[in-house]
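> Give me a 3D structure for the following:
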Amino acid sequence: MIPTLKGILVTNVSPNTPGARAGLLPGDVIQGFNNQAVSKSTELQRLVGNAPVGSTVQLKVLRGGQSITLNAPG
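Modelled structure (predicted):
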C-alpha cells in the first residue's frame, strides 16, 4: 500500500523571496509551518499572513522522501 502524503506541492520558487532564501525548491512538499501541520494552500496562506512581519519561520518540508526543516526569514 502506498502511503498518502499530505502537504502543499511547491511548483515554482521566485527569486529573491523568503521561500527562495529559505532554500525551497520546486518539487518540495510543505507539510508544516511553525509546528502546525498544513495540507491546503489556504491554511498556509492564513498562517503566513498571521506571522509577525520580519520574523523567521520554520517550514517542515518533504524533499526526496526525507523530512527536513527550513528556516524562512520574514
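> For G23, see how far away the spatially most central residue of the chain is.
The centre of the chain sits closest to I30, judged by Cα atoms, centre = their mean, with a distance of 3.7 Å. Using Cβ to Cβ, to the nearest Å, I30 is found at 12 Å from G23. Any C-beta I mention is one placed from the backbone N, CA and C, and that applies to glycine too.
> can you list the weak-confidence ranges in this protein?
Along the chain, the model assigns pLDDT under 70 to residues 1-4, 74.
> which helix is the longest one in it?
helix 41-50 (DSSP state H).
> which parts of that helix are buried?
Using 16 or more other Cβ atoms under 10 Å as the test for burial, helix 41-50 gives L44, V48.
> before we move on, what about stretch 60-70?
K60, V61, L62, L70.
> What is the most widely separated pair among those?
L62 and L70 (11.3 Å; Cβ to Cβ).
> if we can go back for a sec, wait, the residue nearest to the centre of the chain sits on G7?
Yes: counting by Cβ atoms under 8 Å, G7 is a contact partner of I30 at 5.5 Å.
> Mind listing the shared neighbours of the two?
Taking Cβ atoms under 8 Å, 6 or more residues apart in numbering as the contact criterion, the common neighbours of I30 and G7 are V38.
> circling back to that earlier point, redo the buried residues of stretch 60-70 as a markdown table? Include distance to V13 and secondary structure.
A markdown table is the format used below for the buried residues of stretch 60-70 (distance: Cβ to Cβ, whole Å; DSSP: H, G, I helix; E, B strand; the rest coil):
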| residue | distance to V13 | secondary structure |
| --- | --- | --- |
| K60 | 17 | strand |
| V61 | 12 | strand |
| L62 | 15 | strand |
| L70 | 11 | strand |
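> out of those, which one sits closest to V53?
L70 (19.0 Å).
> give me the beta-bridge partners of the nearest residue to S41 once chain neighbours are set aside?
Leaving aside its sequence neighbours, S41 sits nearest to I8 (Cβ to Cβ, 6 or more residues apart in numbering; 5.4 Å). Counting by DSSP bridges, I8 forms beta bridges with I30.
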